[in-house]
Structures are given as structure tokens and as C-alpha cells.
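# Model the structure of this input:
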Amino acid sequence: MAPLSDVRPRPDRIGSAIALRILAAAFATGIGICIHGASKAGATTGQVVLMRACLSIPVLLLWAAVAGPARDMLPRAPSKHVLRGLIGGTVMILNFYALGVLPVAHAQTLSYLTPVLAVPAAVVLLGERLSTRTVLGVALGFCGMLSMLWTTAANPEWGWVELSGMAAGIASAVLMALLRVIIRAMTATETTASIALSFAVIASCVGLGATAVTGWTPMTPVLWSWLLGAGLFGAITHVAATEAAARAPVSTLAAYDYTGLAFAVALDFVLFRHVPGPFAWLGIVLIAAAGLMTAWRTPRPEGTFLRLK
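Residues are numbered from 1 along each chain as shown. Reported below is the predicted structural model:
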């Protein structure tokens, strides 16, 4: 099969890819709010992963039935879907734990390390050349991460639980950067419907396994509301993000993830009255600047290391 460098998006697809990425960023913030609310209402991490994935399946099936033929739901390379699902399920566990113990704006900001980290991942896996701007962007993102960690260490009300949430958020961002590259490669041979549905099924299994460890809280009307919202927003986010990845390179879309920062800070304040402190604001600015620096550059062809089979 041809290398990824042969997958060149048409100019008319770039605009729609950007719009889809912004839509995904907005609804991803909605997921964060719902997960934070469900965790505060008593849901365990495993329970949140399981219910968020399971409740998205009916929405995805309905969308897939309307969007295309039934065969589009079937994976063509099952092993790729299994790998993507296992990594994605792990990302969900780490991210949802961080969202449960940290303010949404903090957890979301750590997730915005993903566009920065995706660039070196693309260098290794896609053969893209490393520029000075990219190195500076990664350095800025790392400084932003340290600033966020200092927020945790310097807050007298925060302890090991919050620090573990920061560590989980960073680990989630690292794995998600790898996942961005994998999904970009998969879209050359796999449909959006098959990628989204297979992930929901595999993530449900991962969540079920995690529930055996973290336990289960009896469902209440409040929990149902939060988790139904997470399932709906999750389905929309997954479809929009996958479609965006199919239409444009990773580096072209990375900067637009940061539109979600405004949503996260605003909703965190309106719903939970969380206001970022000075070092948290510094971290937000540095990480956002890093993403803009690494993404707003002259696009380079995607290379030949990761081939689509």
C-alpha cells in the first residue's frame, strides 16, 4: 500500500476539516464537564469509562445507518482497530481519572499537550522533518506542563490525589498524541463509522475490566444525566475528530484544538466556580502558545515510515 505521503487532502477539504476539529474541541469540553460532574456525583473511573463508551454506541449506530451502507461499519483490518481501541481505552481511563480529581480547566489544559506531542510522534512515525520552531514549541509546552505541576504543588489544599491526577493527565496526553498518528493512518483504509464503532465496543470492554478494579456506584438520576451527556457528546466528538483526521494532516489541525480552552475555563467557572490561579494561567498560555507555534507552520509532506496496509 502507498505511503502516507500519497494521502494528500484536497484544498476544499481543509476548510471542512478545520470546522470539524473545532466542533470536536467544543464537544470534547462538554465531555470533560460531564465526566467531572459524574465523578463528583460518586461514579468510579471504570464506571465512567464503561458507561461513556456504551451509551455512545446507539448514537453511533444511528449515525452510521444514516450516513452510509451497513458494510461501512465493518473493519477491514481488525488488528488495527484492536490496537487503537486498547490505547484509546487506556487514554480514557487516565483522562477520566484526571477529570474526576482536578478542575476541568486544569485537566483539559493537560490534554492540550497532545497537539505538541503529536508533532515529534509524526516525526518518528510519519517521517516529518523536525524544525527549529517545532523544538521551541515542544519546549514551551514542557514549561507549561511544569507550571501546571507547580500549581498542584503550591496549592495547600491539594495533595497526592491531585498530583496523581496531573500525572494521569500527562500520561493521557502522551498516549493520545500517538493515537492521533494511528488514526490518521487508519483513515486511509478504514471508514469513520468502523473506527468509531469498534472503539466504542473495545472501550466498553476496557471499562468493564476497569470497573472490576474501581468498583461500581449505584446509578441515580443525576449520574444518568451526566453519563448520558458524556455518551452523546462522546459520539459527536469521535465522529467529528475522525472525519477531520481523514481530511487533513495532523499538524494542520493541531492549533484548532486550543479553541476548547475558552470553553473549558468558562464552563468550569459557570458550573463549578473553579477559577485558575496565576501559575495555572501561565501554564494555559504556554501550552496554547506551544500548540500554535508547532501547528502554524509550512506543511511538510507526511513521510514513509508508517505505511498504510
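# And what about the closest residue to A288 other than its chain neighbours, helix, strand or coil?
Distances taken as C-beta to C-beta, 6 or more residues apart in numbering put Y258 closest to A288, at 4.8 Å, once the chain neighbours are dropped. No exception for glycine: its C-beta is placed from N, CA and C like everyone else's. Using DSSP: H, G, I helix; E, B strand; the rest coil, the structure places Y258 in helix.
# For A70, grab the count of nearby residues.
Residues lying near A70 (other C-beta atoms under 10 Å) number 9.
# and what of L271?
Residues near L271, counting by other C-beta under 10 Å: 12.
# C-terminal to the top helix by length along the chain, which secondary structure element comes first?
The residue-count maximum for a helix in the chain (DSSP state H) belongs to helix 11-40. The helix or strand immediately downstream of helix 11-40 is helix 45-67, counting by DSSP states H and E.
# Buried residues of the host helix or strand of L94, list them for me.
Using DSSP H and E, L94 sits in helix 78-101. Within helix 78-101, the residues that count as buried by 16 or more other C-beta atoms under 10 Å are 80-81, 84-85, 87-101.
# distance of the nearest residue to S164 once chain neighbours are set aside from I35?
Leaving aside its chain neighbours, S164 sits nearest to V101 (7.1 Å; criterion: C-beta to C-beta, 6+ apart). Distance of V101 to I35, computed by C-beta to C-beta, to the nearest Å: 11 Å.
# Please list all residues in contact with the residue lying closest to C205 once chain neighbours are set aside.
Nearest non-adjacent residue to C205, counting by C-beta to C-beta, 6+ apart: G89, 7.6 Å away. The contact partners of G89, by C-beta atoms under 8 Å, 6 or more residues apart in numbering, come to V49, A53, I202, A203, C205, V206, G207.
# Return the subset of the residues you listed lying in helices.
Per DSSP H, these map to helices at V49, A53, I202, A203, C205, V206, G207.
# helix/strand/coil for L136?
helix.
# Might one say that it is in contact with M293?
Yes: contact status for L136 versus M293: in contact at 6.2 Å, counting by C-beta atoms under 8 Å.
# between these two, who's got more neighbours?
M293 (21 against 14).
# Is the more buried one in a helix, a strand, or coil?
The three-state label given to M293 by three-state DSSP is helix.
# For A139, see how far away it is.
10 Å.
# got the buried residues for the helix or strand hosting I195?
Using DSSP H and E, I195 sits in helix 192-214. Across helix 192-214, burial judged by 16+ other C-beta under 10 Å covers 192-200, 202-204, 206-207, 210-211, 214.
# same thing with stretch 55-70?
L55, S56, I57, V59, L60, L61, W63, A64.
# so A17 sits right up against P249, yeah?
No: with contacts counted by C-beta under 8 Å, A17 stays clear of P249, the gap being 9.1 Å.
# other SSEs contacting the longest helix of the chain?
Other elements packing on helix 11-40 under the criterion 3 or more C-beta pairs under 8 Å, 6 or more residues apart in numbering; DSSP states H and E are helix 45-67, helix 78-101, helix 104-111, helix 221-247, helix 250-253, helix 260-272.
# relative orientation of it and helix 78-101 in degrees?
Here helix 11-40 points in a direction 50 degrees away from that of helix 78-101 (axes from the mean of the first three to the mean of the last three C-alpha atoms, to 10 degrees).
# Kindly provide the whole-number mean pLDDT of helix 11-40.
Averaged over helix 11-40, pLDDT sits at 83.
# Give me the distance from it to the chain's centre.
In terms of C-alpha atoms, centre = their mean, to the nearest Å, the centre of helix 11-40 is found 9 Å from the chain centre.
# List the buried residues for it?
Applying 16+ other C-beta under 10 Å to helix 11-40 flags 13-14, 17-18, 20-39 as buried.
# where does the stretch 151-300 of the chain dip in pLDDT?
151-158, 251-252, 254-255, 261-263, 268, 272, 276, 291-292, 294-300 (pLDDT under 70).
# In three-state terms, label T217 for me.
Reduced to three states with three-state DSSP, the structure at T217 is coil.
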